[in-house]
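Undergrad: pasted the sequence and its predicted model underneath.
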Amino acid sequence: MATAVRYQRASGWEAFAAIVMFAVAVLRVITAISYFANSARINDLSNGIFTSHLWAWGVWDLCIAALALLAAFSLLGGGGFGRVIGYLWAILVLVQSFVIIGQAPWFAAGMIALSSLVIYGLAVSSGGSQAG
């Protein structure tokens, strides 16, 4: 009697959400490095929540990147934990985007669009395919 082993695969929308989160994580690591160097070349957020403390924006961006990577790896592995973290990540990015829309409108609009797509992708997917 042969037993077939079936692996759970992420749906197309979950894979899309994971890829978007990978891309945003890389972008956030780059912006964090820029903020740690006290540079405002990417975004001038000196009038934002953390005022002129760009290192705080760098730490914030690293936290967002870590959440995105954690969720993306879990989603690609078929884990439900990644769905929860993905929703949390998208909500945090949406809130931050609306906060910084006055200082960096194009960046904020892009992040609103990407996080909305992640929420949509997670919402319409079935939560992982059933093995069996």
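TA: Yep, that arrived. Numbers count the residues shown, from 1 in each chain.
Undergrad: where does the prediction get shaky in the protein?
TA: Low-confidence regions of the chain, defined by pLDDT under 70, span residues 1-10, 38-53, 126-132.
Undergrad: that one: strands as residue ranges?
TA: Listed in chain order, the chain contains no strands at all (DSSP state E).
Undergrad: now what about stretch 68-77, what contacts it?
TA: Contact partners of stretch 68-77, identified using Cβ atoms under 8 Å, 6 or more residues apart in numbering, comprise 10, 14-15, 17-19, 21-22, 24-25, 28, 81-83, 85-86, 88-89. The C-beta positions use only the backbone N, C-alpha and C, and glycine is treated the same way.
Undergrad: would you map the helices across this structure?
TA: With DSSP state H, the ranges of helices along the chain come out as 12-36, 54-76, 80-100, 105-124.
Undergrad: buried residues, the second one. List them.
TA: Going back to what we said before, that points to helix 54-76. If you call a residue buried by 16 or more other Cβ atoms under 10 Å, then helix 54-76 has these buried ones: 54, 57-58, 60-62, 64-65, 67-76.
Undergrad: my read: Asp61 touches Ile33, true?
TA: No: counting by Cβ atoms under 8 Å, Asp61 stays clear of Ile33, with 9.0 Å between them.
Undergrad: who's in contact with Ser116?
TA: Ser116 sits in contact with Ala90, Leu94, where contact means Cβ under 8 Å, 6+ apart.
Undergrad: numbering from 30 from now on, please.
TA: Okay, using 30 as the starting number, the last item reads as Ser145.
Undergrad: check the gap between it and Gly111 for me.
TA: Here the criterion is Cβ to Cβ, to the nearest Å. By it, Ser145 lies 18 Å from Gly111.
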